[in-house]
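Undergrad: Quick one, fold the following:
(one chain, ligands or ions: 1)
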Amino acid sequence: MQYQRSSTLFQEAQAVIPGGVNSPVRAFKSVGGTPLFVKRASGAYLYDEDGNQLIDYISSWGPMILGHAYPPVIQAIKERAGNGTSFGMPTALETEIATLALEMVPNMDKIRFVNSGTEACMSAVRLARGVTEREKIIKFAGCYHGHSDAFLIQAGSGAVTFGSPNSPGVTKGTAQDTLLAPFNNLDAVRALFSEYPKEIAAIIIEPVAGNMGCIPPAEGFLEGLRSLCDQFGSLLIFDEVMTGFRLARGGAQELLGIKADIVTFGKVIGGGLPVGAFAANNRIMSYLAPEGPVYQAGTLSGNPLAMAAGLAMLQSLNQEEEVFNRLAEKTAYLHQGLDSVLSTTNIPYQINRLGSMISVHFTEIPVTDFETAAFGNNDTFKKYFHGMLEQGIYLPPSAFESYFLNDALSFSDIDQTINALHLVIKKL
Ligand SMILES: *Cc1c(COP(=O)(O)O)cnc(C)c1O
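TA: Residues are numbered from 1 along each chain as shown. Modelled structure (predicted):
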């Protein structure tokens, strides 16, 4: 595989963009080597600037759940663009996507659109604090809720990959209002509530963690959080930026049968354009400006191009509920294949999977939280990543990221992936 053009482009980018990228994990820091510069993508495939074709397992970190350049979304963007791309005034399109999103997601009355998952989570926490008149939040080590200050305390995703879990620039004051617990550890959360019974505004959690690899919730864990929130008058925020419109039509709430008080969205809801959103019941949402006192705004929020792309995406997912089962089947097929090859070696490994999220960890110990995820052997991971890349398989360039499958992937693409692994294990 040739990387010359990407290599040159990376050099040029580094001269004018910090680290050459606009989001850290893209820089390949934790696996080394040259990040590939993409020229275009279609369906399940990426095409880089050197002309390599790759089978894509990250799907833009989630949004491209139906594959790249999905025709109904591209069509919607083209049609909309000719009518102007931003007005700073309301459009009928916003009501249309809001109505559909609320129809698909259980348990929510109103939704507000923003421009990213970060913004959605940041605003959800402000809203929870406004509603409860409390200041502290609980988050889980290794969960990622975007790069807003309050969340950069033992965050997952790029924040950990990069080796700086606590970012400079986050003040002690902010950090002190973010309480931490290990994922899947209900006792730790109970202890925090006994220490601060009247100070915790909300628990924020990825119901299925996707930013320290994929880590499903242990049996009873989310139910336990739900009842602790009820008992202590705190709000439960499900960060469904990754799981929303991916694990099921109604996201993790639907799949796992648990009701959150506030849900945040991003990724799939924008169909590949910059969109985030948060939703709650009428009572909670009535605190939001202009109805209520909690301020939140955005010049480009509800942007017509982004709403058109998101609406086309949601309509496609809504029309064909089978898509979620099909994705889960493909992911199970991948799991089986990976297992069948790795089990012939003496390399310790764990595979975690739920729905269309899956991750491989090179460790003997089951991966159930950030600590156990961190036991993974990063040298093996690097060889695995680069070996697969050399065979034209694009996996997440960090051991702390989940794969996100898209429905354009065929079973024969997955067979090809498993065949590649047969070659790669010889060098692990
Ligand atoms: C990606 C992600 C975010 C942040 O969304 P951005 O659009 O990158 O700001 C927040 N929470 C979760 C669970 C995510 O996966």
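Undergrad: Can you check the pLDDT for the closest residue to Ile425 other than its chain neighbours?
TA: Nearest-residue entry for Ile425: Thr345, 5.3 Å, with adjacent residues in sequence omitted and distances by Cβ to Cβ, 6 or more residues apart in numbering. (C-beta placed from N, C-alpha, C; glycine too.) Listed pLDDT for Thr345 reads 97.
Undergrad: Kindly report the same for Thr174.
TA: According to the prediction, Thr174 has pLDDT 86.
Undergrad: Can you give me the separation between it and the ligand?
TA: 17 Å (Cβ to the nearest ligand atom, to the nearest Å).
Undergrad: same question, Gly298
TA: For Gly298 relative to the ligand (Cβ to the nearest ligand atom), the value is 13 Å.
Undergrad: Wait, that residue touches Ser116, no?
TA: No. When contacts are counted by Cβ atoms under 8 Å, Gly298 is not listed as touching Ser116 (9.8 Å).
Undergrad: burial count for Asn318?
TA: For Asn318, the count of nearby residues is 15 (other Cβ atoms under 10 Å).
Undergrad: now it, nearest residue through space, not along the chain?
TA: Here the residue nearest Asn318, using Cβ to Cβ, 6+ apart, is Met104, at 5.9 Å.
Undergrad: now Ala202
TA: Nearest one to Ala202, counting by Cβ to Cβ, 6+ apart, is Ala128 at 3.8 Å.
Undergrad: any idea which element that neighbour lies in?
TA: helix 117-132 (DSSP states H and E).
Undergrad: The next helix or strand after that helix pairs with which strands?
TA: The C-terminal neighbour of helix 117-132 among helices and strands, as given by DSSP H and E, is strand 136-140. Neighbouring strands of strand 136-140 in its sheet, by DSSP bridges, are strand 178-181 (parallel), strand 200-205 (parallel).
Undergrad: Show me how far strand 136-140 is from its chain's centre.
TA: Offset of strand 136-140 from its chain centre (Cα atoms, centre = their mean, to the nearest Å): 18 Å.
Undergrad: so how far is Leu127 from Tyr295?
TA: Distance of Tyr295 to Leu127, given as Cβ to Cβ, to the nearest Å: 10 Å.
Undergrad: the more surrounded of Gly298 and Ser116?
TA: Neighbour totals were compared for Gly298 and Ser116, and Ser116 leads with 19 against 15 (other Cβ under 10 Å).
Undergrad: Find the residue at the geometric middle of this structure.
TA: Met242 (3.2 Å; Cα atoms, centre = their mean).
Undergrad: what number of residues lie near Ala181?
TA: Neighbour tally, Ala181, other Cβ under 10 Å: 22.
Undergrad: can you tell me how far the residue nearest to it when sequence neighbours are not counted sits from Gly233?
TA: Spatially, and ignoring its direct neighbours in sequence, Ala181 is nearest to Ala188 (4.0 Å; Cβ to Cβ, 6+ apart). If you measure Ala188 against Gly233 using Cβ to Cβ, the figure is 20 Å.
Undergrad: And for Asp339?
TA: Taken as Cβ to Cβ, the span from Asp339 to Gly233 is 45 Å.
Undergrad: ok, now Gly84?
TA: For Gly84, the distance to Gly233 - Cβ to Cβ - is 46 Å.
Undergrad: same deal with Leu409?
TA: Counting by Cβ to Cβ, the gap from Leu409 to Gly233 is 45 Å.
Undergrad: you'd agree the residue nearest to Asn318 is up against Arg249?
TA: Yes. Taking contacts as Cβ under 8 Å, Met104 lies within contact range of Arg249: 5.0 Å.
Undergrad: Surely Ala202 and Phe278 touch.
TA: No. The pair Ala202 / Phe278 is not scored as a contact, 12.0 Å apart, by Cβ under 8 Å.
Undergrad: what sits in contact with each of the two?
TA: Taking Cβ atoms under 8 Å, 6 or more residues apart in numbering as the criterion, Ala202 and Phe278 both touch Ala124, Ile262.
Undergrad: These two: which is more packed in?
TA: Phe278 (32 against 25).
Undergrad: Give me the mean pLDDT for the helix or strand hosting that one.
TA: Counting by DSSP H and E, the element that carries Phe278 is strand 276-280. Averaging pLDDT along strand 276-280 gives 98.
Undergrad: Surely the residue nearest to Ala181 forms part of a helix?
TA: Yes. Counting by DSSP: H, G, I helix; E, B strand; the rest coil, Ala188 falls inside a helix.
Undergrad: In this structure it contacts Ser194, no?
TA: No. Assessed by Cβ under 8 Å, Ala188 is found out of contact with Ser194, at 11.0 Å.
Undergrad: Looking at the two, which is more packed in?
TA: Taking neighbours as other Cβ under 10 Å, Ala188 and Ser194 compare with Ala188 leading, 17 against 8.
Undergrad: Look up how far Val208 lies from that one.
TA: Ala188 is 19 Å from Val208, by Cβ to Cβ.
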